[in-house]
Structure formats: C-alpha cells, structure tokens
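[1] Requesting a structural model of the entry that follows:
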Amino acid sequence: MSNLDLEKEAVNVVRALGMDGPHAARSGHQGTAMALAPLAHVLWTRVLNYDATDPAWPDRDRFILSPGHASMLLYSMLHLTGYGLTLDDLKDFRQWDSATPGHPEVGHTAGVEVTTGPLGQGFTNAVGMAIAERNLRARFGSELCDHFTYVICGDGDLAEGISHEAASLAGHQGLGRLIAVYDDNHITIDGPTEIALSDDAPTRFAAYGWEVIDLGEAAEDLDAMEAALQSAKQSTDRPTLIVLRSHIGAPSPEADTSGVHGYALTDEGIAETKRRLGLPEDQAFYVPDDVLDFYRKTGQRGQQSRQEWEDRYRNYSGDRAAWDAGQDGTGLDDWNNELPRWSPGDSVATRKASNECLQALLDVVPGLIGGGADLTGNTGTTIKGHGVQSSECPEGRQIYFGVREHAMGAICNGLALHGGFVPVNGTFLVFSDYMRGAVRLAALTQAKNIFVWSHDSVGVGEDGPTHQPIEHVASLRTMPGLRVLRPADANETAAAWQLAIQGPGPSALILTRQNVPVLEGTDDRSKVARGAYVLSDAAERPDIILMATGSEVSLIVEAAETLRGEGLAVRVVSMPSMDLFAAQDAAYREEILPSGVPAVSIEAGSTMGWHRWADLPLGIDRFGASAPGDEVMARLGMTAEAVVTAAHQLVNR
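    Predicted coordinates for the structure are as follows:
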C-alpha cells in the first residue's frame, strides 16, 4: 500500500469511528466528525507539534475543537495517536464515568485542552491561549515558549456574539500564532444556515484584521489543507482564518442534511457509508493494524522536540522561579506577605483596596495578567508598571478588553487553562450577566480565573436600577465550584486575594464602589478563610446574632452598639463567603452560629440563600432606583436602624 493509500484508509477509519461512537451511545453528533476527518488527519500527522506520551508538555501546540458536539473526532485522534484513550473508551462514548463524555472536558480526558460545548467559548479560549503563548515567549524567551494555537470553529461558533467580540480583539492584538479553521458546512440543527445567516465571514474577519485563506471545496484535499496551515504559520503579525467548505456527513447517504448534524446514521446508513469508504460493513470501531501503527508513530513524532525542550528548561539561565510559579498558578515564596494591611478607622472602597492588593502582588505572583472591560480604573483592575499587552508590547500584563465582557471572561479562561497565568478580569457586578457562560465554564473546568465585580449594590446610586445589582450575588452563589467572596472592608479584601491566589479554581471578588470603614478584627486572614467568623462578641451566650457581608457589616457593627447599650448580649458575624462557611465542619458552624440563638442578616441584595443561616434576613427583593447611593440604601431599608428593629422582633418573639 502506498503512503497516499494508507492515509486515505486512515481518514476513512476516523470517519467510521465518527459514526460508530454515537451509534453505540444512541446519541451524539456524527456529521461534523465525518466531514472533518481529513482536516484532523492533516493536523495530527503533518502540522501539530505534540508528544502524545506527555500531553501536559508546556510547549506543545494547543488544539481546540470549538464545536464540541463533534467530540468523536477529537477522541478518535487521541486514541489513534496514543494519548491513552482505548478503543473501549470510544465504545463507552457518552456513558457514565467514561473518558469520552458527550462534549470534551479538560482535566477529564488527556489531550483535551479546554471544555467545549457552548458554541463560541472554545474559539474565544483560543484567543486567550494565543495571548498566553505570546506573553510567555516575550518574557521568558522562545527556548521555553514557542508554539501555535489551532482552533476549529463552525457556523454556530461564528454566529454566537462572543466570537465577534473575541475575533475583533484578536485582530486588534495581532495574534500571529492563532490559526482558526472555519468549517463552513452550511448546516445547523434547524436546517441550512441560510434560513438564519447570511454573513460574509471571510470579509468580516478581514475587517477585524485577520489574514483570510479561503480554500473553497478543499475539505478532502490533504495537501491543500496542509499548505494553508503552513502558510498561516508564516503570518506573524495577525491571526489567520482558513475557510473550508465541507460537506457534513460525507460520504453518507445523509450528507448535507440537518439530520446528520446529530445522530441520523444507524445500521443501514452506516453499512452503506462503510461500503462507500471501502471498510468492513459489519465491524464497528474497526481500526486495522496498519492504520493504528501509522498514527501511533505520528503521535510520538514530537518526542524529540519535547526532550530538547526539557534540556533547555534544565539549562535555562533566566528566571526559573517566576516561570515555575506561573506554571503552578501561584506566587513566589512568601508572596502573601506583600499584601497590604489597613488600620481600623481608615475608610476605603473595597474596589480600591483590591487594586492595591493586585498592584502589590504583581512582582511576586508572576502569572497575574488582565484588566477590565472598558472599566479598568473603575473596577480596580489597573496594572501599572508592567506594560500594556499588544503586538508592540507582547510582554505587557495589562489587557484592555474593551466593551467585551463575555469574551473577556472566556479569554481569561483560555489564559488560565494554557498554563502560566492567573488572569484577572473586571466589570460592574450587574454586567456579570453578560459573562455568565464563561463564568460557568470557569467553575466547571476549575480554571483559576479571578473575576473582579465592583459596584456591588444599590449603593451605586444615580445610575439607577439598570446598574444596581440585586439578584446577582445570590445567583452566583448557586454556581458549584465558584468561590464567591464579598469582603466587608479593605483587610477582608486582602484576605480574599490571598484565597483567590492560593486556592484552586475561580474566585469572584464582589466589591464596593463607595468607601467603607476598616473595622476592628477583620485583619485575621485565617478567620476570613473559613467563610464566616465572629467579629465581636458578648461576654456570655448571645441573645441575638447579627450577620452580614460586604458594606453591610459596618451596619451590624453600628446596630450592635445600640443593642448592647440596651443591655442585650450581641454577637457580630462577618460572612464574606457563604460557600466557604458551608464547607466547614458542623462543629465550626455551630460554634459561630449556635443553635437556638436568633439571628438577623442584612445584605444589600436578594435575600435568597440567607434563610439557611438567619431567622430574619433583611435584603432587597426588588429593583433599585436612581438617586444618591446613601439615599437609595436608606429608602430600601439598608440601615443600622432596620437591623435594630429586626433584632427587637426576634428577641421579643
């Protein structure tokens, strides 16, 4: 068999696996995996620099399958090239606890770089990975970082608004090592794309500043696709979009139909397609020895490159400690000692305290990078003295995302999952709605991404209800895997930063616009780390417990003084993180909130979630209003007087 014949057989085997996996599961998506088998073959055998025996090699090329519904394509290549997926894993496609879930999941399957499924997210993650590669190469040299980022995207990815945001920023940034292949197959679940889409994607991307290579009907031409990919690697000053007109489900009888976008090919359709491919009709998951041997050899092709990188790493004369800390997503030794402290009596907005923390950590947490969505100064995500990220300053650690909240969150997920970074991104809390998809994926993948959301209550004031968050904190607390921290003052803010850096996964820092007093007793970071703690206490068993988060903690401190003056024994509890407190053992929770002692809580937002901890939660279960912040807070019951009244009700009851 000639090499060309072997490659043709190999591509057809991948196509067949793309049918067999969903058929075994009786669910899934067949057509795209079949149509893109030739492209995947070219990538894994001719273009990508990787070593299947070491999937975590830091200088590997990154590959992202943004249309994650075509996951059988990725799983097939990972099995064939030797990443550790077995044929039995492919047969367990979409089954409980299998290594081949319905959409690719990073950390679950070796060789999967990001979790894809919600369309547009993977494409946007790729932009973050391209920024990561360029920044590391500029700061540490090409001897440690010198690779490319490849992403396959489809019509659905490019229809989603997040991809417009990301493509625009990528073009502006001139990300020359970002190569996207657009699978232009003209089919969606509802039918032909023309029923809802008439964009001219090549012209649009050219307007964004991308290099565009329109290959037309070349989805079967291995050499043409390789030439386009190699040409794209030469574009050093802007990203490249390769447009590939494919035929979904080809060469099956269902090709170019919306049905084959999903699971349309069953016994007869699969048998007929395999006849057309020249493969055994009656053998599912058929992988002949010559094909497997061919792919396994290509999977080890990058071993020499990886070993040469390891030699360079061992002999590296640059800042190894900074590189290692970045790769570990942490700081240098004793990094937390650089966090500032404030004295009781100071008055500072927690967003401003947060920026002081960020600025103090930049030299000792080398992976910190990021900025705001056109609200950089307002949210405290300004990074001074470390350059502004651009093609002219690739080492810059300040990123101006522009008014692109959703892309900002997903780009930062890409930065985190690439390795080498702890990204920070900021906007007003009310606009976290625009980021929800990216935040959820950060939590799902445990990407170490720090979300800084300021202007956290109706205290925003005159901008009115469109800018005053109500339900947002409560909603974010319901998201598994997201560490939500609403610090009471500047010292709790520093503790929140320490938790965000030293802990796994994403963190949400919920911060005030307005100044709040620095309180006595908030500077013990070990207490803050437990989610809730006693800020001040009675000499004996308390008659009443007052608890709060954020700016409202100062209100319960004031209310406690009044109640103590009336002879009541009062405990004051700061609860900067409900989820951290809920994770403590029952004994600690009982120690802080003893059974039988009535408790009042107050938070300037939805009362949802507070009934678990408080007998009488005070909050705002309506939208706000446009007026000075202090007046809005007072009119909506966010006062020390309201806390005193509620305490009287409980004690008298």
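
[2] CA only for contacts and neighbour counts going forward, please
    OK.

[3] burial of the residue lying closest to Ala353 once chain neighbours are set aside, as a residue count?
    Using CA to CA, 6 or more residues apart in numbering and skipping the chain neighbours, the partner closest in space to Ala353 is Ala490 (5.2 Å). Residues contacting Ala490 under the criterion other CA atoms under 10 Å number 33.

[4] so Ala490 touches Pro344, yeah?
    No: counting by CA atoms under 8 Å, Ala490 stays clear of Pro344, with 9.8 Å between them.

[5] who touches both of the two?
    Listed as contacting both Ala490 and Pro344 by CA atoms under 8 Å, 6 or more residues apart in numbering are Val518.

[6] wouldn't Met538 be in contact with Val570 here?
    Actually, residue 538 is Ala. It isn't Met. Yes: the pair Ala538 / Val570 is scored as a contact, 5.4 Å apart, by CA under 8 Å.

[7] So which of the two has more stuff around it?
    Legend: neighbour count by other CA under 10 Å for Ala538 and Val570, higher for Val570 (26 against 15).

[8] can you pull the contacts of the more buried one?
    For Val570, the contacting residues are Asp537, Ala538, Pro542, Asp543, Ile544, Ile545, Leu546, Ala560, Leu563, Arg564, by CA under 8 Å, 6+ apart.

[9] What residues are bridge-paired with it?
    Assessed by DSSP bridges, Val570 has beta-bridge partners Ile544.

[10] Next, Ile242: phi, psi?
    Dihedral angles of Ile242 (phi, psi; degrees, to the nearest 10) stand at phi -100, psi 120.

[11] Output the below-cut-off pLDDT ranges for the protein.
    Low-confidence segments of the chain (pLDDT under 70): 1.

[12] run the last query once more with 90
    Counting by pLDDT under 90, the chain has low-confidence residues at 1-2, 4, 653.

[13] tell me the domain ranges of it?
    3-305, 328-517, 531-652 (automatic domain parsing).

[14] Relative to Arg525, which of those is closest?
    Nearest to Arg525, of all the domains of the chain, is domain 328-517, at 5.0 Å by CA to CA.

[15] and the closest one, how far out from the chain's middle?
    Its chain's C-alpha centre and that of domain 328-517 lie 13 Å apart, by CA atoms, centre = their mean, to the nearest Å.

[16] okay but Leu485 is in contact with Ser574, surely?
    No: the pair formed by Leu485 and Ser574 falls short of the contact definition of CA under 8 Å, at 11.5 Å.

[17] quick one, which of those two is more surrounded?
    With neighbours defined as other CA under 10 Å, Leu485 and Ser574 compare such that Leu485 has more, 32 against 29.

[18] Return the residues in contact with the more buried one.
    Leu485 touches Ala496, Ser507, Ala508, Leu509, Ile510, Pro576, Ser577, counting by CA under 8 Å, 6+ apart.

[19] same thing but at 6 Å, please
    By CA atoms under 6 Å, 6 or more residues apart in numbering, the contact set of Leu485 is Ala508, Leu509, Pro576, Ser577.

[20] Dihedrals phi and psi, the third one?
    Pointing back at Pro576 there. The phi and psi torsions at Pro576 (degrees, to the nearest 10) take the values phi -70, psi -20.

[21] Torsion angles phi and psi at the residue nearest to Ala353?
    Dihedral angles phi and psi of Ala490 (degrees, to the nearest 10) take the values phi -60, psi -40.

[22] just checking, it touches Ser354?
    No: judged on CA atoms under 6 Å, Ala490 makes no contact with Ser354 at a distance of 7.5 Å.

[23] in the stretch 101-250 of the chain, which spans are helices?
    For the stretch 101-250 of the chain, the helices defined by DSSP state H, counting those that start in this stretch cover 121-140, 155-159, 161-173, 201-208, 222-232.

[24] quick one: the longest one to helix 161-173, angle?
    Same thing as helix 121-140. Helix 121-140 runs at 30 degrees relative to helix 161-173, counting by axes from the mean of the first three to the mean of the last three CA atoms, to 10 degrees.

[25] packing partners for helix 121-140?
    Applying 3 or more CA pairs under 6 Å, 6 or more residues apart in numbering; DSSP states H and E, one finds that helix 121-140 contacts helix 405-418.

[26] which residues sit against the helix it packs on?
    Residues from elsewhere that reach helix 405-418 (CA under 6 Å, 6+ apart): 124-125, 127-129, 132, 162, 165-166, 373, 422-423, 434-435, 438, 447-448.

[27] try stretch 238-253
    Stretch 238-253 is contacted from outside by 31-32, 34-35, 174-176, 178-185, 210-217, 219, 232, 255-256, 260, 273, using CA under 6 Å, 6+ apart.

[28] how long is that stretch end to end?
    Using CA to CA, to the nearest Å, the end-to-end distance of stretch 238-253 comes to 40 Å.

[29] ok, how many other residues are close to Leu555?
    For Leu555, the neighbour count with other CA under 10 Å is 23.

[30] contacting residues for it?
    Ala640.

[31] Also Glu603?
    Going by CA under 6 Å, 6+ apart, the list of residues near Glu603 reads Ala548, Glu552, Gly619.

[32] can you check Val424 too?
    Gly370, Ile450.

[33] I'd like the distance between Pro542 and Arg486.
    For Pro542 relative to Arg486 (CA to CA), the value is 25 Å.

[34] If you count surrounding residues, which of the two has more?
    More neighbours surround Arg486 than the other of Pro542 and Arg486, with 28 against 16 (other CA under 10 Å).
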